[in-house]
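1. Give me coordinates for this.
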Amino acid sequence: MSHNYICITSEPLDLLSINKLVERTTVGAIVNFIGTTRDSFEGKQVETLEYEAYVPMAEKELLKLCDEARSKWDLQGIAIYHRIGLVPVCEASVIISVSSAHRADSLHACSSLIDRLKETVPIWKKERYTDGTSNWKQNCP
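-> Numbering: from 1, shown residues only. Prediction:
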């Protein structure tokens, strides 16, 4: 059975729990993308990322992305979880888990989903630097 699991949360993301959502006995592959906060950008030390979202629209857009992926690949489970609020260095801000009978479908779908998320979903990121400055970042695939 095919399911989509969408969540926008201020809580830390747990990969194992998210993977459980897309597990099936008929699945031969689960592919994950985990986007994390890195400690530097263009020579500046990053303290944390801050995410904001227009949640109702973001959830609708995420579901559209799931439908789009299912129209291209034979997928069984899709989970897209995204954090909002402050995300410290080394923590996950987004996890995408995709399952399918064969690896190629999951690999292609997972890559497409993160690219399309950055292109279309109304979630915005601000980098906060250790020097006290900050910068809103443009989403790009």
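2. any idea which helix or strand carries the spatially most central residue of the chain?
-> For the chain, Val94 is the residue whose C-alpha lies nearest the centre (Cα atoms, centre = their mean; 3.3 Å). Taking DSSP states H and E as the criterion, Val94 maps to strand 92-100.
3. re earlier: is it true that the residue nearest to the centre of the chain touches Tyr81?
-> Yes: with contact defined as Cβ atoms under 8 Å, Val94 counts as touching Tyr81 (7.0 Å). Glycine gets a C-beta too; all of them are placed from N, C-alpha and C.
4. Common neighbours of these two, please.
-> Shared contacts of Val94 and Tyr81 (Cβ atoms under 8 Å, 6 or more residues apart in numbering): Leu13.
5. circling back: give me the packing partners of the strand holding Val94, helices and strands only.
-> helix 15-22, strand 29-36, strand 77-83, helix 103-120 (3 or more Cβ pairs under 8 Å, 6 or more residues apart in numbering; DSSP states H and E).
6. out of those, deepest packed?
-> strand 77-83 (a mean of 25; mean count of other Cβ atoms under 10 Å).
7. Past that one, which element shows up next along the chain?
-> Next helix or strand after strand 77-83 toward the C-terminus (DSSP H and E): strand 85-88.
8. returning to that earlier point: alpha carbons of the strand holding Val94, as CSV, please.
-> Taking Å, rounded to 0.1, in the frame of the first residue of the first chain, the C-alpha atoms of strand 92-100 are listed here in CSV:
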residue,chain,number,x,y,z
ALA,A,92,18.9,17.4,10.6
SER,A,93,16.7,20.1,9.1
VAL,A,94,15.0,17.8,6.6
ILE,A,95,14.7,14.0,6.1
ILE,A,96,13.2,12.4,3.0
SER,A,97,12.7,8.7,3.0
VAL,A,98,11.5,6.9,0.0
SER,A,99,10.8,3.2,-0.5
SER,A,100,10.3,1.0,-3.6
